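**Q** Quick check, what structure comes out for this input:
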Amino acid sequence: MCRWIAYSGRPIYLNDALFKPENSLIHQSLHASRALTATNGDGFGIGWYGSRRRPGIFRDVHPAWNDENLLNVSEQVSSGLFFAHVRHSTGTSTSRTNCHPFRHENWLFMHNGQIGGYDRIRRELDMMIDPCLYGFREGTTDSEALFYLLIGNGLADDVQGAFERTITCVLQAMDRAGIAAPLRFTATVTDGEQIFAIRYSSDRQSPSLFYGHKAFTGVDGDVDKGAVVILSEPLDSDSGKWVEIPEGHFVVAGDGAVSISPLNERL
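**A** Prediction:
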């Protein structure tokens with residue numbers, strides 16, 4: 001499974017979060033400890049917000065641990081809200097367009113998980129994407145399909161509701177196709193202001209998800225103890241810093257605050 005990190009707080013240089021911690025995302029790309037597969041070498045991506053509403057993205061197909069460009073870029077780019085992802089493919093090709101995060105207007109999205117039997121319902125799910133949005137789909141992953149389904153299901157107006165409606169649509173398609181394999185959907189999305197995340201699986205075996213108030217030194221030299229990090233696994237071994245997000249819950253983070261609420265019990 002993939003590994004990812006989402007950060008909100010005082011602007012920091014991206015390499016402080018991606019390379020420097022004990023269990024940094026780059027370390028996880030080669031030695032993930034809370035995933036079914038330890039190696040996540042099928043590409044990487046970062047997405048960040050600066051002075052413009054539309055975020056920047058940088059994605060490539062090289063393993064994150066062996067890409068000098070990622071190191072050089074992350075040493076120079078600073079942001080108060082950014083995403084980063086290292087990919088382990090669940091069957092689709094290793095290409096730049098299949099790497100996370102995915103971007104649409106001011107939104108960024110990352111996913112860790114899998115739609116069971118995706119190859120059997122891929123066409124049906126694509127047909128569910130709003131025709132006005134389908135032209136923006138560039139890759140072949142189930143993750144990108146989920147992103148555009150979320151947008152079409154009202155992401156801009158009701159984030160949790162959009163997740164719940166999208167999950168319901170996918171589960172119904174899987175049921176019609178007689179698919180017994182599970183839907184596993186640990187994901188995060190941001191509008192550039194707040195970070196939203198979800199931990200859900202139809203078999204109650206979701207990929208891991210945590211949050212913590214990790215203190216990083218900002219670009220101004222001050223330490224921001226109120227920064228929020230949502231991520232696949234903790235950045236260090238200090239268990240007191242990290243809270244595991246329960247199965248079947250939805251998270252909202254921004255301005256140093258985190259709220260967690262259960263998903264619709266009918267899912």
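
**Q** Quick one: residues contacting the spatially most central residue of the chain.
**A** Central residue check for the chain by Cα atoms, centre = their mean: the C-alpha nearest the mean position is that of residue 110, 2.7 Å away. By Cβ atoms under 8 Å, 6 or more residues apart in numbering, the contact list for residue 110 reads 2, 4, 6, 83, 85, 100-102, 143, 187-189. Any C-beta I mention is one placed from the backbone N, CA and C, and that applies to glycine too.

**Q** Give me the subset of the residues you listed lying in helices.
**A** Using DSSP state H, residue 143 are the members of the contacts of residue 110 that sit in helices.

**Q** The contacts of residue 110 in strands, which ones?
**A** Among those, the members falling in strands are 4, 6, 83, 85, 102, 187-189 (criterion: DSSP state E).

**Q** OK, contacts around residue 147?
**A** Residues touching residue 147, when contacts are defined by Cβ under 8 Å, 6+ apart, comprise 102, 104, 107, 109, 111, 189.

**Q** can you redo those residues as TSV with neighbour count and distance to residue 44?
**A** Rendered in TSV, the data for the contacts of residue 147 read as follows (neighbours: other Cβ atoms under 10 Å; distance: Cβ to Cβ, whole Å):
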residue	neighbour count	distance to residue 44
102	29	14
104	17	20
107	20	20
109	25	15
111	28	14
189	26	19
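
**Q** Mind putting those into TSV with pLDDT?
**A** Formatted as TSV, the entries for the contacts of residue 147 read as follows, by pLDDT from 0 to 100:
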residue	pLDDT
102	98
104	98
107	98
109	98
111	96
189	98
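
**Q** can you redo these as a markdown table with distance to residue 237?
**A** As requested, the contacts of residue 147 are exported to a markdown table (distance: Cβ to Cβ, whole Å):
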| residue | distance to residue 237 |
| --- | --- |
| 102 | 32 |
| 104 | 37 |
| 107 | 34 |
| 109 | 30 |
| 111 | 27 |
| 189 | 29 |
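
**Q** So what pairs up with residue 48 in the strands?
**A** For residue 48, the beta-bridge partners are residue 56, residue 82 (DSSP bridges).

**Q** list the contacts for it?
**A** Taking Cβ under 8 Å, 6+ apart as the test, what residue 48 contacts is 14, 55-56, 77, 79, 81-83.

**Q** Mind doing that once more with 7 Å?
**A** Taking Cβ atoms under 7 Å, 6 or more residues apart in numbering as the contact definition, residue 48 lies against 14, 55-56, 77, 79, 82.

**Q** Ok, residue 201 next?
**A** Neighbouring residues of residue 201 by Cβ under 7 Å, 6+ apart: 182-185.

**Q** So which of those residues is the closest to residue 118?
**A** Distance to residue 118 across those (Cβ to Cβ) is lowest for residue 183, with 9.5 Å.

**Q** if we can go back for a sec, does the residue nearest to the centre of the chain fall in a helix, a strand, or a coil region?
**A** For residue 110, the secondary structure call by DSSP: H, G, I helix; E, B strand; the rest coil comes out as strand.

**Q** gap between it and residue 48?
**A** From residue 110 over to residue 48 the distance is 13 Å, taken as Cβ to Cβ, to the nearest Å.

**Q** Name the nearest residue to residue 16, ignoring sequence neighbours.
**A** In space, not counting the residues next to it along the chain, residue 16 is nearest to residue 216; the distance is 5.3 Å by Cβ to Cβ, 6 or more residues apart in numbering.
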